[in-house]
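Engineer: Sequence and predicted structure, then a few things I'm wondering about:
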Amino acid sequence: MKLFSRSFFLPFLAFCGFGLSWSLASCFGGWNSQVFPGPLDVIASIWELTASGALIKHTIASLFRVTAGFYLAILLGVPLGMVLGRSNTLMCTFNPLIQFMRPISPLAWIPLAMLWFGIGDMPAIFLIFLSSFFPLVVSTALAVRSIEATFFQVAANFGLTTWEIISTIIFPAMLPTVLTSLRITLGIAWLVVVAAEMIAVDSGLGYLILDSRNALRMDCVMAGMIVIGLIGIALDTVMKRLGQPDIIMRKNISR
């Protein structure tokens with residue numbers, strides 16, 4: 001209970017301090033409220049956008065794109081990483097290409113994505129896929145390659161099938177690393193979708209921010225930023241909780 005109260009109370013104080021500093025800066029900083037709106041103005045804008053249904057519509061659009069691109073990256077990236085991790089030949093062949101592609105910013109693909117897929121959901125989904133795919137492939141391959149060869153020798157002695165080796169050896173061993181990578185990659189995907197929505201689509205939180213800027217509604221711009229941050233915290237919390245059972249399992253094994 002003490003740990004829970006501390007983990008809640010200290011962040012609460014930090015947010016209160018941030019809100020107070022923001023309010024003081026908007027009141028006494030010498031800026032016009034239209035240029036630098038205060039917290040109450042932004043809260044009112046969030047309420048206005050929610051009541052009109054615009055905030056819900058744009059939030060759902062962003063979440064849909066992140067979900068589609070992220071799960072597509074998982075479905076393709078994790079199995080490919082497992083294959084590369086188990087084959088030295090394939091790893092030697094494709095690792096240089098992966099390392100070449102991985103540092104290229106997903107945003108650099110925006111012109112090509114718009115040319116290939118046009119305007120709509122697909123360019124954003126493609127960019128999210130790229131931002132998630134290569135980190136997942138690399139982390140999964142490294143996790144599989146870090147498994148001690150003794151386990152596979154024992155599995156061969158017992159005549160385990162490929163599926164049994166995957167389910168009883170590879171998957172449990174790589175899970176901690178993959179879950180950590182998923183948590184980090186999901187945050188990156190959320191950053192990418194907001195940037196992509198400012199260019200290639202006509203909906204989503206990124207589009208809401210850009211459209212509000214064009215209308216000189218800085219209160220709505222900050223409202224969109226706050227919603228993005230809150231959703232980011234929620235997604236990170238979900239991924240963190242998914243990793244907790246695995247942490248407990250590792251502690252039990254170490255005992």
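Structural biologist: Yep, it's here.

Engineer: ok, so what distance separates the nearest residue to residue 56 once chain neighbours are set aside from residue 194?
Structural biologist: Leaving aside its sequence neighbours, residue 56 sits nearest to residue 50 (CB to CB, 6 or more residues apart in numbering; 6.7 Å). To be clear about C-beta, it is placed using only N, CA and C from the backbone, and glycine gets the same treatment. Separation of residue 50 from residue 194 (CB to CB, to the nearest Å): 19 Å.

Engineer: count of residues packed around the residue nearest to residue 56?
Structural biologist: Here the count is done by other CB atoms under 10 Å, and residue 50 has 14 residues near it.

Engineer: That one: what secondary structure?
Structural biologist: Classification of residue 50 using DSSP: H, G, I helix; E, B strand; the rest coil returns helix.

Engineer: how close does it sit to residue 38?
Structural biologist: If you measure residue 50 against residue 38 using CB to CB, the figure is 19 Å.

Engineer: So what's the model's average confidence on the helix or strand containing residue 70?
Structural biologist: Element membership for residue 70 (DSSP states H and E) is helix 54-86. Helix 54-86 shows a mean pLDDT of 93.

Engineer: what helices or strands is that helix leaning on?
Structural biologist: Applying 3 or more CB pairs under 8 Å, 6 or more residues apart in numbering; DSSP states H and E, we find helix 54-86 packed against helix 39-52, helix 88-101, helix 121-145, helix 171-197, helix 205-214, helix 218-254.

Engineer: Let me see the confidence value for residue 2.
Structural biologist: For residue 2, pLDDT reads 53.

Engineer: what's residue 195 in contact with, if anything?
Structural biologist: 107, 206 (CB atoms under 8 Å, 6 or more residues apart in numbering).

Engineer: separation between it and residue 23?
Structural biologist: From residue 195 to residue 23 the distance is 29 Å (CB to CB).

Engineer: Could you look up the SS state of residue 32?
Structural biologist: coil.

Engineer: er, residue 159 I mean
Structural biologist: Per three-state DSSP, residue 159 ends up coil.

Engineer: Residue 226 - how many residues pack around it?
Structural biologist: Residue 226, neighbours per other CB under 10 Å, totals 15.

Engineer: can you tell which of the helices and strands packed on helix 54-86 is closest to residue 111?
Structural biologist: Nearest to residue 111 among the helices and strands packed on helix 54-86 is helix 121-145 (9.8 Å), distances taken as CB to CB.
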